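>>> Could you work out the structure for the sequence below:
(one chain, ligands or ions: 1)
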Amino acid sequence: MKIIVAIAENNAIGKAGDLLCHLPNDLKHFKELTTGATVVMGKKTFLSLPRRPLPNRRNIVLTRDTAFTYDQTEVAHSIEELQGMIQTDEQVFIIGGGEVYKQFMPYVDELQITHIHHTWDDADTFFPQIDPAEWQCVSNEYHEADEKHAYAYTFAVYTRK
Ligand SMILES: NC(=O)c1ccc[n+]([C@@H]2O[C@H](COP(=O)([O-])OP(=O)(O)OC[C@H]3O[C@@H](n4cnc5c(N)ncnc54)[C@H](OP(=O)(O)O)[C@@H]3O)[C@@H](O)[C@H]2O)c1
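Prediction:
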C-alpha cells in the first residue's frame, strides 16, 4: 500500500474540510498514479470530493457508521475489514485525510508526496512527521510557480529504509 498526499511546509494538508489549494498539475499527477488502482479514504475526504466516487478506480471508504452506503462505492468499517477486502497484488493508494494517513503510516511502503512550498497558518489538518530514520527520498522533481500554479511544488517519492 502507498500513501499519496499534498503537504504544505508546516505539514498541513487541509482546512475547513477542504484542500489548501488547487494545483492542476498535482491533480493530473494524482489521476495518473491512481487511475486503475484502488483508492482508500476516510468518510470526510470522500464527502469532500467534488465528484464521487473517483472514476476508473475501485473506491473504498472507511467509516464506523454501519448504515453508510454510497453508489458504486465499497465501505470498510475498520482497518482489519479493509485488509480482508484487498488482494496481496492489488495496487492500493491511501488518499486521506489526516486521521486515515496517521493510522496507515505503519502499513505503507511508499509515500508519494507533493511538497507545496508555502505555509498556511489557518490549516486544521496535518500529515504526521516523516521520520528520516525510517524513510528515504528516492526521487525529487521541483516545479516553479507559474500562471496556473500559485505556489512552487515538488513531486517526491519516499521508500522505507
Ligand atoms: N492534501 C491532501 O493531499 C489531502 C488528501 C485528502 C484529504 N485532505 C484533507 O483532509 C481533511 C479531512 O481529513 P480528516 O482527518 O478530517 O478526515 P478523514 O481522515 O478523511 O476521515 C475521517 C473519518 O474516517 C473514518 N475513519 C477513520 N479511521 C477509521 C477506521 N480505522 N475505521 C473506520 N472508519 C474510520 C471515520 O468516519 P466516521 O466518523 O463516519 O466513522 C472518521 O470520522 C480535509 O480537509 C481534506 O481536504 C487533504
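>>> what about the strands in this protein?
Taking DSSP state E as the test, the strands found in the chain are 2-8, 12-14, 38-42, 58-62, 74-76, 92-94, 110-116, 125-126, 135-143, 153-160.
>>> Enumerate the residues of the chain near the ligand.
5-6, 13-14, 17-19, 41-45, 48, 62-65, 77-79, 95-100, 103, 125 (C-beta under 6 Å from any ligand atom). Bear in mind the C-beta positions are built from the backbone N, C-alpha and C, glycine included.
>>> what about residue 4, how many neighbours?
Using other C-beta atoms under 10 Å, residue 4 has 22 other residues around it.
>>> Now intersect the residues of the chain next to the ligand with the helices, please.
Counting by DSSP state H, the part of the residues of the chain next to the ligand found in helices is 43-45, 48, 79, 98-100, 103.
>>> thinking again about what came up before, could you dump the strands of the chain into a markdown table and include mean pLDDT?
Shown next, in a markdown table, are those (pLDDT from 0 to 100):
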| stretch | mean pLDDT |
| --- | --- |
| strand 2-8 | 98 |
| strand 12-14 | 98 |
| strand 38-42 | 98 |
| strand 58-62 | 98 |
| strand 74-76 | 98 |
| strand 92-94 | 98 |
| strand 110-116 | 98 |
| strand 125-126 | 98 |
| strand 135-143 | 98 |
| strand 153-160 | 98 |
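>>> quick one: contacts of stretch 83-90?
If you take C-beta atoms under 8 Å, 6 or more residues apart in numbering as the criterion, stretch 83-90 is touched by 37-38, 60, 74, 76, 92.
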